[in-house]
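> this is the structure alone, sequence omitted:
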């Protein structure tokens, strides 16, 4: 497998969330930069995206922000640090993030974050990539979503094998252990369960 160098972080743009989510995101940015990872994110200056970016900046790390150009006039982007890539659409933004990343970290977030997670998970299920997908489950934020996925397995909407496509970390220490120990594997969505 290609060496993991570029980590794509998905997460909320909200500043109204509990401080623990923002502090964890800031620490994540600091650790990723300290360990020499390049961080790819949605270029937002607020919420979890902004906190991760500030952590990377504090450690003088490498940061690549990717955003649709229609956000420029809203003054919500980090424009004074790292590389900023502007796209014509959200679809192009996601494509570039997915293409440039060697791994994905899913922090707590809203509609956009959930959509980004399910897209990279679906692409992995369909064999389009074998990159790590790690859910950072700060404060048990993703417990209801994980329960919904279990229900989908129980009711045969998806195979239990889908759980192999991602991992869940309850803190940064677990997340880094999963990242460092990741082994790519072949997954066949259409194989019959034994």
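Sure, I can see it. Since the model is a prediction, treat every value here as computed from it, not as a measurement. Residues are numbered from 1 along each chain as shown.
> not counting its neighbours along the chain, what's nearest residue 30?
Computed as C-beta to C-beta, 6 or more residues apart in numbering, the closest residue to residue 30 that is not its neighbour in sequence is residue 55, at 4.0 Å. In this view, the C-beta of every residue, glycine as well, is placed from N, C-alpha and C.
> show me what the one helix or strand the one you found maps to packs onto, helices and strands only.
In this assignment (DSSP states H and E), residue 55 forms part of helix 47-58. For helix 47-58, the helices and strands in contact under the criterion 3 or more C-beta pairs under 8 Å, 6 or more residues apart in numbering; DSSP states H and E are strand 6-10, helix 19-34, strand 38-41, strand 63-68.
> pull up the pairing partners for the last one, direction included.
Partners of strand 63-68 in the sheet, by DSSP bridges, are strand 38-41 (parallel), strand 83-87 (parallel).
> out of those, deepest packed?
Between the strands paired with strand 63-68, strand 38-41 has the highest mean count of neighbours, a mean of 25, where neighbours are mean count of other C-beta atoms under 10 Å.
> which outside residues touch it?
Contacts to strand 38-41, defined as C-beta atoms under 8 Å, 6 or more residues apart in numbering, come from residues 5-11, 29, 32-33, 49, 52-53, 56, 61-66, 97, 100-101.
> helix, strand or coil for the closest residue to residue 87 other than its chain neighbours?
The spatially closest residue to residue 87, leaving aside those adjacent along the chain, is residue 93, at 4.6 Å (C-beta to C-beta, 6+ apart). With DSSP: H, G, I helix; E, B strand; the rest coil as the basis, the three-state label of residue 93 is helix.
> isn't residue 93 up against residue 42?
Yes - counting by C-beta atoms under 8 Å, residue 93 does reach residue 42; the two are 7.2 Å apart.
> between the two, which has more neighbouring residues?
Remark: of residue 93 and residue 42, residue 42 carries more neighbours, 31 against 22, as counted by other C-beta atoms under 10 Å.
> that one and residue 146: what is the separation?
For residue 42, the distance to residue 146 under the criterion C-beta to C-beta, to the nearest Å works out to 23 Å.
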